[in-house]
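In: Sequence and predicted structure below; questions after.
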Amino acid sequence: MPSDAGRGGQPPPDPGSAQTPKDFARCLDELRKWSRRSHRVIAAKGKSSGHWLSPTTAANLTAGTTRPRLDSVLGFLHGSGLPAEQHKPWIAKHEELFPRQPAASRQGVSRKADTAQSMGSDAEITGPLLPNPVRVRFGAIPGEVAWHQPRQAEQMALGKVLEHKGQLTLAALLGIRGVGKTQLAAAQARDCIEQEYELVAWIDAESELIKQLASLGERLGLRRSAEQPPEQLAHDTIAQLGDRGGRALLVFDNVSDPDSIKDFLPVTGTVKVLITTTRRETIAMANIRPVEVGMFAPGQGRALLSAATGLPDDDDAGAVGEALGWLPLGVAQAGAYIKLNKPLGYRQYLERLNRKHSGPRVGLTRG
Ligand SMILES: Nc1ncnc2c1ncn2[C@@H]1O[C@H](COP(=O)(O)OP(=O)(O)OP(=O)(O)O)[C@@H](O)[C@H]1O
Ligand SMILES: [Mg+2]
């Protein structure tokens, strides 16, 4: 338990006895008092746990003036410092007092939410639960690397594949390890955020894929019960992505086992799915359109080397790039190595490289 929450060793309040929405709001206010945190602090901490929560929303939750979304309640619980293993009764009580409405009656609410958002309001939606919270950002999109080089050819090819508006698109960035697929996908995700896509989700396909999809589902307000198995919630998430219109990007990064994602590819809707993988057989699945990612062009590699090392862009720089086959990861590592070992020049670097029969450790780390 965080040291600044629940001071005095008091147990946190129990929402079990709440009979009405007003009671639930009172319980949340008790939780706030227990945490000894202000609405503002709860909102800030709730937000950093990945849930949408503003100070106004936090205040509305404890005043009981609006119908709370599960995502906001989860943000409030996190923001209050309530340990995650104690969230269950709150989720169950929320489900009991604010049951989900049938899809047809949710439509109007979604539009209402869009309007609230576009007006810059963070007011909680009054009415049924919001199925498609607007502007969902999910997952850790890798940042731009040092000495980043634009990849015009690949970006254009990807743009072409993804350009079809209003239809489901599945694309895969294909190439050997260290060639820059993840970097390209991350640039695409940032671009979609800039274009204000309603949903941009980044799934690291190498680690706990189902857990990540389930937690995306939770963000979308899809959890049906506290006991719902993560796999079912993950499937609900994909079904909902297939149902929703609008602009959405779902990235599966570093797919090493195509089978791991095959049951989690939307089959309807307008979502754009972007996969990064070394496995060519991935594209055999479900009409996935490939975009090949190749080595740096010499100009890109040389630009990276000279930005990293501050050395003149001469033939020796070209020789280093050649020796590394212009593999982006290798070129970046060479640049970093030379920079760290100043006043090492390109020639000395090449000598060291040649002395090591196996060459430098390029292409061995995953980004
Ligand atoms: N556009 C770029 N500009 C500068 N450096 C780059 C660029 N793309 C890739 N790199 C360098 O190559 C490294 C590997 O890139 P990235 O992780 O995107 O490769 P990958 O193809 O996804 O590899 P893997 O298949 O192992 O996941 C980066 O950490 C960076 O050092
Ligand atoms: Mg990668």
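Out: Cool, the structure landed. Ligands and ions are numbered 1, 2, ... in the order given.
In: T276 in helix, strand or coil?
Out: Following DSSP: H, G, I helix; E, B strand; the rest coil, T276 is assigned to strand.
In: could you measure the closest residue to it other than its chain neighbours against T278, distance?
Out: Leaving aside its sequence neighbours, T276 sits nearest to K181 (Cβ to Cβ, 6 or more residues apart in numbering; 4.0 Å). C-betas here are computed from N, CA, C, even on glycine. Separation of K181 from T278 (Cβ to Cβ, to the nearest Å): 8 Å.
In: Settle it for me: which of these two has more neighbours?
Out: K181 (27 against 16; other Cβ atoms under 10 Å).
In: Give me every residue in the stretch 201-350 of the chain lying close to ligand 2.
Out: Counting by Cβ under 5 Å from the ion, the stretch 201-350 of the chain comes close to ligand 2 at N254.
In: Quick one: name the residues of the stretch 201-350 of the chain near ligand 1.
Out: By Cβ under 6 Å from any ligand atom, the residues of the stretch 201-350 of the chain that approach ligand 1 are 254, 276, 278, 304, 328-329, 332.
In: Out of these, which sit inside strands?
Out: In strands, judged by DSSP state E, the following of those are found: 254, 276.
In: export the residues of the stretch 201-350 of the chain next to ligand 1 to a markdown table and tack on pLDDT?
Out: Formatted as a markdown table, those follow (pLDDT from 0 to 100):
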| residue | pLDDT |
| --- | --- |
| N254 | 98 |
| T276 | 98 |
| T278 | 97 |
| L304 | 97 |
| P328 | 98 |
| L329 | 98 |
| A332 | 98 |
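In: what's the overlap in contacts for K181 and T278?
Out: 174-175 (Cβ atoms under 8 Å, 6 or more residues apart in numbering).
In: for the residue in the stretch 101-250 of the chain that ligand 2 sits nearest to, what are its contacts?
Out: Nearest residue of the stretch 101-250 of the chain to ligand 2: T182, at 3.2 Å (Cβ to the ion). For T182, the contact set (Cβ under 8 Å, 6+ apart) comprises 142, 253-254, 276, 367.
In: what's the closest non-adjacent residue to Q149?
Out: Q300 (4.4 Å).
In: just K22 next, same as before
Out: Sequence neighbours aside, G64 is the residue nearest to K22 in space, at 4.8 Å (criterion: Cβ to Cβ, 6+ apart).
In: now swap in A336 and tell me
Out: In this structure, A336 finds its nearest non-sequential neighbour in A308, 6.3 Å apart by Cβ to Cβ, 6+ apart.
In: I'd like to know how far G9 sits from P21.
Out: Taken as Cβ to Cβ, the span from G9 to P21 is 30 Å.
In: L158 now?
Out: 47 Å.
In: Can you point out the helix or strand that includes A201?
Out: strand 199-204 (DSSP states H and E).
In: what kind of secondary structure is T237 in?
Out: helix.
In: what residues go with each domain of this structure?
Out: Domains of the chain are assigned by automatic domain parsing as 1-131, 136-292, 298-355.
In: looking at those domains, which one has the lowest mean pLDDT?
Out: Among these, domain 1-131 has the lowest mean pLDDT, at a mean of 73.
In: ok, the closest residue to R137 other than its chain neighbours - how many residues close by?
Out: In this structure, R137 finds its nearest non-sequential neighbour in V200, 5.6 Å apart by Cβ to Cβ, 6+ apart. Counted with other Cβ under 10 Å, residues neighbouring V200 total 26.
In: Would you map the helices across the stretch 101-250 of the chain?
Out: 103-118, 152-162, 181-194, 209-219, 230-243 (DSSP state H, counting those that start in this stretch).
In: Tabulate those (a markdown table), appending distance to K47.
Out: Formatted as a markdown table, these follow (distance: least, Cβ to Cβ, whole Å):
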| stretch | distance to K47 |
| --- | --- |
| helix 103-118 | 16 |
| helix 152-162 | 30 |
| helix 181-194 | 16 |
| helix 209-219 | 12 |
| helix 230-243 | 21 |
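In: So which of those helices is nearest G50?
Out: Closest approach to G50 among these (Cβ to Cβ): helix 209-219, 7.2 Å.
In: picking up where we left off before, ok, now how distant is the residue of the stretch 101-250 of the chain closest to ligand 2 from A205?
Out: The gap separating T182 from A205 is 11 Å, by Cβ to Cβ.
In: Fine by me, thanks again.
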